[in-house]
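**Student:** Provided below for reference: sequence and predicted model.
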Protein chains: 4
Amino acid sequence: MIVILKQNPNRDQLDSLVSWLQEKGVIIHTSIGEAHTILGLVGDTSKLDIDLIAALDIVQDVKRVQEPYKNANRKFHPEDTVIPVGNTQIGGGNLTIMAGPCSVESEEQVVAIAQAVKASGATMLRGGAFKPRTSPYAFQGLGAKGLEYLKTARAETGLPIVTELMDVTQLPLFKDVDVIQIGARNMQNFDLLKAVGHQEKPVMIKRGMSATYEEWLMSAEYVMASGNNNVILCERGIRTFESYTRNTLDVAAIPVLRTLTHLPVIIDPSHATGKYWLVEPLARAAVAAEADGLQIEVHNDPAHALCDGPQSLKPEVFAPLARKLLELHAFMKGLDS
Amino acid sequence: MIVILKQNPNRDQLDSLVSWLQEKGVIIHTSIGEAHTILGLVGDTSKLDIDLIAALDIVQDVKRVQEPYKNANRKFHPEDTVIPVGNTQIGGGNLTIMAGPCSVESEEQVVAIAQAVKASGATMLRGGAFKPRTSPYAFQGLGAKGLEYLKTARAETGLPIVTELMDVTQLPLFKDVDVIQIGARNMQNFDLLKAVGHQEKPVMIKRGMSATYEEWLMSAEYVMASGNNNVILCERGIRTFESYTRNTLDVAAIPVLRTLTHLPVIIDPSHATGKYWLVEPLARAAVAAEADGLQIEVHNDPAHALCDGPQSLKPEVFAPLARKLLELHAFMKGLDS
Amino acid sequence: MIVILKQNPNRDQLDSLVSWLQEKGVIIHTSIGEAHTILGLVGDTSKLDIDLIAALDIVQDVKRVQEPYKNANRKFHPEDTVIPVGNTQIGGGNLTIMAGPCSVESEEQVVAIAQAVKASGATMLRGGAFKPRTSPYAFQGLGAKGLEYLKTARAETGLPIVTELMDVTQLPLFKDVDVIQIGARNMQNFDLLKAVGHQEKPVMIKRGMSATYEEWLMSAEYVMASGNNNVILCERGIRTFESYTRNTLDVAAIPVLRTLTHLPVIIDPSHATGKYWLVEPLARAAVAAEADGLQIEVHNDPAHALCDGPQSLKPEVFAPLARKLLELHAFMKGLDS
Amino acid sequence: MIVILKQNPNRDQLDSLVSWLQEKGVIIHTSIGEAHTILGLVGDTSKLDIDLIAALDIVQDVKRVQEPYKNANRKFHPEDTVIPVGNTQIGGGNLTIMAGPCSVESEEQVVAIAQAVKASGATMLRGGAFKPRTSPYAFQGLGAKGLEYLKTARAETGLPIVTELMDVTQLPLFKDVDVIQIGARNMQNFDLLKAVGHQEKPVMIKRGMSATYEEWLMSAEYVMASGNNNVILCERGIRTFESYTRNTLDVAAIPVLRTLTHLPVIIDPSHATGKYWLVEPLARAAVAAEADGLQIEVHNDPAHALCDGPQSLKPEVFAPLARKLLELHAFMKGLDS
């Protein structure tokens, strides 16, 4: 950590800061310049409150040198995390394809879609039972019954299921899902993050609409600090000034996160744009940038979906897409070897 | 609602759309042009799912004409909502000044600050017992004990208290607070919104970091649709590309919301910038733009605050500020009369 | 164009609006609802000033149905534009690779880099002679001399050159370049756009840092409306809240522009992130999303580059990257056939 | 400047960096920690290219401690800059009110508006002769003739005029205007900035739509480094995700710039929102936050303005607004004394 002092800092206050830092076991290197004095703090600075130091009268600025996350940090965990889910694995060079409807609407619907996407190469089934909807008047999901239908579809197809948890109180219902999804709007619902950290199912955290990489990784850190290391990150587009697409897919998130963390990175091209005809090109881009997987909305009758219709693909459109993505993934592996 | 069809729409699909809309009791006005056919939908379109229509093959675009919120909409409730809190009122021409520490740290601290801010003209006490912190390693608030200290401070000063609720499970502890605050990160925690909608304490919803006015009002609508009409909106800065300040205060939110809704609007200049020296000019701007109130962080020893130090004012700095804001508020009233 | 009137519009004003619109040769379809009256305007609405109509007292909102650009619009020009440049073509299924230094520094430097990138598969040489620098104290480019060095490099290698024009007064010096680049900061320098529209060299327009697709296409429209149809679009990252990367590459721009326009789309992964180690994954993503080409910074000694060092690749890093990109491009073509 | 080295930096490269820095006359303070080595660079670091250092293999990050602008920096020029314009002054505690039409349309129009706004208290006349329009098909301004009409209006009223220069080649026509305005879209048109820096008329630089404070001040620095110290800054709203208003007025820019620079700061509430009914509350906020002035669009017939109609006020609406703003400004001065 680096502390930049204001010009001519008050001597007493500086001495008191120095003593306080030394008490915390931090070693201080001082560089006195004409315009500024700089304190280089060395040692375990993770317990220093950066805001507290920045608030001091004599301090102009404080800059962190080390990342504030540890469990999620690749520096301290150089190996890729690989997460076993059912008979498949997320990470480790696999291309996980999670496909399924935005919302679970009926047993027939979800079973039919699950069968279709499995046949096309999907490795997991996605589907929402509890739905975060902007309007209180919109369909809020089938709830517990939706979870049951997902399990039926899993029993029929063998596909592990990933579905969104919105509130701590629903957690007991999620005992039997394979991956718990935390939605973008709940990325900084810290009590929810702690709760899923205290259980053992893998957790997939979607990036908040305006979350920085660091904030996102701190959300992963919440889960990991609570004891659950099976965390997956899912980029689903960020909010920018461009309104032609619902969000802007940040494809650079893939290689950036690969560097900052050891956790697997999934891309959701369906929510990233809100337009079904952009799913294919963005999914291709994600595979080429070496994402660990994709989450794609597939619906058997998009025009009658109860939510998010415009971004869903029909199974007959998904099938050739999945095939191409798998071929591209295989090609990319060959390219680097 | 306006539906813009693609060029040469399939006849059968168009007929089927028209019948479906008529079933819903909607009247359709059709304008056939060379390049586009436009359907003007008249009647109660609030139950039509805009996404579903937009997903149809023959549809190019759908544009909403009416706002998707009703309870929060000034069109259907032209009078300002005034919310009684303790011996004071929020809205109705008053300037509510909520002041206090970011975090409750001890009984002595919160009582001392409450006494100081009351003496300076504050009308409510703010303070966090449950704290949303970006890092799992940062101080998370005193919790239930913090709520007790706030109540002690209320008993000592008579100031009603406003404090943040982070999770549905903590709600029973909040029975005795005066205003429940929903933080920016929980603005779209829909289960939490429903829960506070099902109880009767006034609810202050902070704007999400990248929430549009409409999304914010839809969050108010969640609370109101659950039965609680005592909703207050609090602008606390939005996330933009500018990183010199922590957020960018959107002062236009005040007059815009005044037009769109009847709910009171509070400004938080402390979180809006993260810098104590910007609190005064932004608070002045807010009062001049006719905000219903302010939420300002005050700390007796900012340099030792356990969180958010840099944006807190000392009581001796808050005192002349509060005086000036009240004078400015009185002046603004005279200016318009 | 759709005009939504306020409730109970003044009769006289409405009649006057209707007559005025009819004078302009527009056909009006009126839908009268309880809450709103909607006018559907059919015919050539391109000369109607949307702002003027929106300003009328009786108007609540005006929504455009047709895009405001024509020459750049795929609807009126369904075939892809293919632009011949030297012995190569931009668009039409080719992968154009523009490579070279950010700044031309010396004849030796630019010739050496040109030879290296040609050997690796680049099809054009990029290099800045006039440099837009944020600071007046930073190196501003070699100017006319830099253009000469670029031409020498072209003579040595046969690679056509693309270089940035910053001001109308420099245009005479650009007679002999192959493609004129308009930088992101000048995307809405309308006099410059008109000037390059009045000459015949192809023009590559970089997207402004916060320009929407529509604004960007309107800039292309400026050039085309002045008579030059050889316009290329270059996405180079947009400004968002995320500051880890210099900008955020909007990979969706590729398929979106493919739909909206017939002009070729180039991706600049170097400026999009400002980090050399992100160039490869983003370049791959761009090729997989079917960009028409890439613009990549290559420098023989990045650590001593006079500008933009951190995002440049050494020739020995560029060589395998170019090979992989060309292989990936060939693979993508096979995938779709 | 602070240089943070990667773990275990290559010795030779470090020595070579250190020698190179010493050659530049910089003193280096080294702090060696377990995880990082930090170099604190002291002395005149303004000529060090931060990007070049950041590009070195051994460097993890470089952080600037000093601002990159000097002429515009309050640290080196503590006194407020006051700019005499005609018989008035910008800065120094005055409230400059620049009012007038978006576009000059005719001599009658601009003279009539000038007379009206002068009577209401405006101190300068604004009006566009050369207009930056997003569409090549929109009205581009009357050009030289428009400038003549503005001068006639000045002769009639005594109000100094401020008008936008779009291109270097038009500069000779601007010899007789009082303040040259550089539009938001040209904020980083560096050749234009240099050109207005080489002449002596005061220059008002509008903030670019996505420009940071630092970039904006660097544009001022361009003008000042070319010899013209009479620079005025004008905040006109920034681009954010919120699309209800055309832009988001960043009212914090006023106190932030007051701290960073000695140059006067003007607020344009008309362009900041694009809605006439938001002009008044935002103008009030700006005065309360102690802006040096306002630029407000006034039109005698907004419904027939050739551009930007929706944000213009009629003279009869402007008159009471100007009176209130002047009263508020006087009140604010009393408040602080």
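**Tutor:** Received it, and whenever you're ready, just let me know what you need.

**Student:** for chain A, which segments count as helices?
**Tutor:** A:11-23, A:50-54, A:107-120, A:144-157, A:190-197, A:213-225, A:253-260, A:269-273, A:279-288, A:315-336 (DSSP state H).

**Student:** ranking the ones you listed by mean pLDDT, which is last?
**Tutor:** Of all these, helix A:50-54 carries the lowest average pLDDT, namely a mean of 76.

**Student:** helices or strands next to that helix in the packing?
**Tutor:** strand A:59-63 (3 or more CB pairs under 8 Å, 6 or more residues apart in numbering or on different chains; DSSP states H and E). Using the backbone N, CA and C atoms, a C-beta is placed for each residue, glycine as well.

**Student:** which strands and helices lie in contact with the strand it packs on?
**Tutor:** Packing partners of strand A:59-63 (3+ CB pairs under 8 Å, 6+ apart): strand A:2-5, helix A:50-54.

**Student:** neighbouring strands for the first one, and are they parallel or not?
**Tutor:** Sheet neighbours of strand A:2-5, with direction, are listed as strand A:37-42 (antiparallel), strand A:59-63 (antiparallel) (DSSP bridges).

**Student:** picking that back up, and the helices of chain A as CSV, adding mean neighbour count?
**Tutor:** Listed next are the helices of chain A as CSV, based on neighbours: other CB atoms under 10 Å in any protein chain shown:
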stretch, mean neighbour count
helix A:11-23, 13
helix A:50-54, 20
helix A:107-120, 20
helix A:144-157, 19
helix A:190-197, 24
helix A:213-225, 25
helix A:253-260, 22
helix A:269-273, 27
helix A:279-288, 27
helix A:315-336, 17
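
**Student:** any chance of those helices in a markdown table, plus distance to C:T259?
**Tutor:** Listed next are these as a markdown table, based on distance: least, CB to CB, whole Å:
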| stretch | distance to C:T259 |
| --- | --- |
| helix A:11-23 | 58 |
| helix A:50-54 | 46 |
| helix A:107-120 | 25 |
| helix A:144-157 | 34 |
| helix A:190-197 | 38 |
| helix A:213-225 | 30 |
| helix A:253-260 | 24 |
| helix A:269-273 | 12 |
| helix A:279-288 | 10 |
| helix A:315-336 | 17 |
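
**Student:** quick revisit: tell me which of the strands paired with strand A:2-5 sits most buried.
**Tutor:** Among these, the stretch with the highest mean neighbour count (mean count of other CB atoms under 10 Å in any protein chain shown) is strand A:37-42, at a mean of 23.

**Student:** could you check how far A:M224 is from A:T212?
**Tutor:** Distance of A:M224 to A:T212, given as CB to CB, to the nearest Å: 18 Å.

**Student:** and the residue nearest the centre of chain A?
**Tutor:** Central residue of chain A (CA atoms, centre = their mean): A:L233, 2.8 Å from the mean position.

**Student:** how close does that residue get to A:D250?
**Tutor:** 12 Å.

**Student:** rewinding a little: of all the helices and strands packed on strand A:59-63, which lies closest to D:L260?
**Tutor:** strand A:2-5 (16.0 Å; CB to CB).

**Student:** mean confidence score for that closest one?
**Tutor:** Strand A:2-5 comes out at a mean pLDDT of 84.

**Student:** so how far is that strand off the chain centroid?
**Tutor:** How far strand A:2-5 lies from its chain's middle: 33 Å, per CA atoms, centre = their mean, to the nearest Å.

**Student:** export it as PDB, just CAs?
**Tutor:** Provided in PDB are the C-alpha atoms of strand A:2-5 (Å, rounded to 0.1, in the frame of the first residue of the first chain):
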ATOM      1  CA  ILE A   2       1.200   3.500  -0.800                       C
ATOM      2  CA  VAL A   3       0.300   6.500   1.200                       C
ATOM      3  CA  ILE A   4       0.800   9.900  -0.500                       C
ATOM      4  CA  LEU A   5       1.000  12.700   2.000                       C
END
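
**Student:** right, is stretch A:226-238 up against chain C?
**Tutor:** Yes: among the residues of stretch A:226-238, A:I238 lie within reach of chain C under CB under 8 Å from any CB of the partner chain.

**Student:** and that stretch with chain B, contact?
**Tutor:** Yes: residues of stretch A:226-238 contacting chain B under CB under 8 Å from any CB: A:S226.

**Student:** how about that stretch, which residues are buried there?
**Tutor:** Judged by neighbour count using 16 or more other CB atoms under 10 Å in any protein chain shown, the buried positions of stretch A:226-238 are A:S226, A:N228, A:N229, A:N230, A:V231, A:I232, A:L233, A:C234, A:E235, A:R236, A:G237, A:I238.

**Student:** interface residues of chain A facing chain C?
**Tutor:** A:210, A:212-214, A:238, A:240-245, A:248-252, A:254-256, A:259, A:272-273, A:277-278, A:281-282, A:284-290, A:324, A:327-328, A:331-332, A:335-336.

**Student:** so which of the residues you listed also contact chain D?
**Tutor:** Among the residues of chain A next to chain C, chain D is touched by A:S210, A:T240, A:F241, A:S243 when using CB under 8 Å from any CB.

**Student:** what separates stretch A:277-294 from the chain centre, distance-wise?
**Tutor:** 16 Å.

**Student:** first to last residue in that stretch, what's the distance?
**Tutor:** Distance across stretch A:277-294, first residue to last, is 16 Å (CA to CA, to the nearest Å).

**Student:** now for the closest residue to A:D167 other than its chain neighbours: which residues touch it?
**Tutor:** Leaving out its chain neighbours, the residue that sits closest to A:D167 by CB to CB, 6 or more residues apart in numbering or on different chains is B:D191, at 3.8 Å. Residues in contact with B:D191 (CB atoms under 8 Å, 6 or more residues apart in numbering or on different chains) are A:M166, A:D167, A:T169, A:Q170, B:V168.

**Student:** one more: A:V18?
**Tutor:** Applying CB under 8 Å, 6+ apart to A:V18 gives the contacts A:I28, A:L39.

**Student:** could you redo the buried residues of stretch A:226-238 as a markdown table and give each row pLDDT?
**Tutor:** Below are the buried residues of stretch A:226-238 laid out as a markdown table (pLDDT from 0 to 100):
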| residue | pLDDT |
| --- | --- |
| A:S226 | 95 |
| A:N228 | 98 |
| A:N229 | 97 |
| A:N230 | 98 |
| A:V231 | 98 |
| A:I232 | 98 |
| A:L233 | 98 |
| A:C234 | 98 |
| A:E235 | 98 |
| A:R236 | 97 |
| A:G237 | 97 |
| A:I238 | 98 |
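
**Student:** now, which of the residues you listed sits nearest chain D?
**Tutor:** Distance to chain D across those (CB to the nearest CB) is lowest for A:I238, with 9.6 Å.

**Student:** is that closest one in contact with C:D250, as I believe?
**Tutor:** No: A:I238 lies out of contact with C:D250 (CB atoms under 8 Å); the separation is 10.3 Å.

**Student:** show me whatever sits in contact with both of these two.
**Tutor:** By CB under 8 Å, 6+ apart, the residues touching both A:I238 and C:D250 are A:T248.

**Student:** for the stretch 101-250 of chain A, what lies in contact range of chain D?
**Tutor:** Residues of the stretch 101-250 of chain A lying near chain D (CB under 8 Å from any CB): A:S210, A:R239, A:T240, A:F241, A:S243.

**Student:** for PyMOL, write the select line for the buried members of those residues.
**Tutor:** Provided next is the PyMOL selection string for whichever of those are buried by 16+ other CB under 10 Å:
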select buried, chain A and resi 210+239+240+241
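
**Student:** and A:V203, how far from chain D?
**Tutor:** As judged by CB to the nearest CB, to the nearest Å, A:V203 and chain D stand 28 Å apart.

**Student:** what pLDDT, on average, does stretch A:71-80 get?
**Tutor:** 94.

**Student:** first-to-last residue distance for that stretch?
**Tutor:** 13 Å.

**Student:** could you give me the buried positions within it?
**Tutor:** For stretch A:71-80, using 16+ other CB under 10 Å, the buried residues are A:N71, A:A72, A:N73, A:R74, A:H77.
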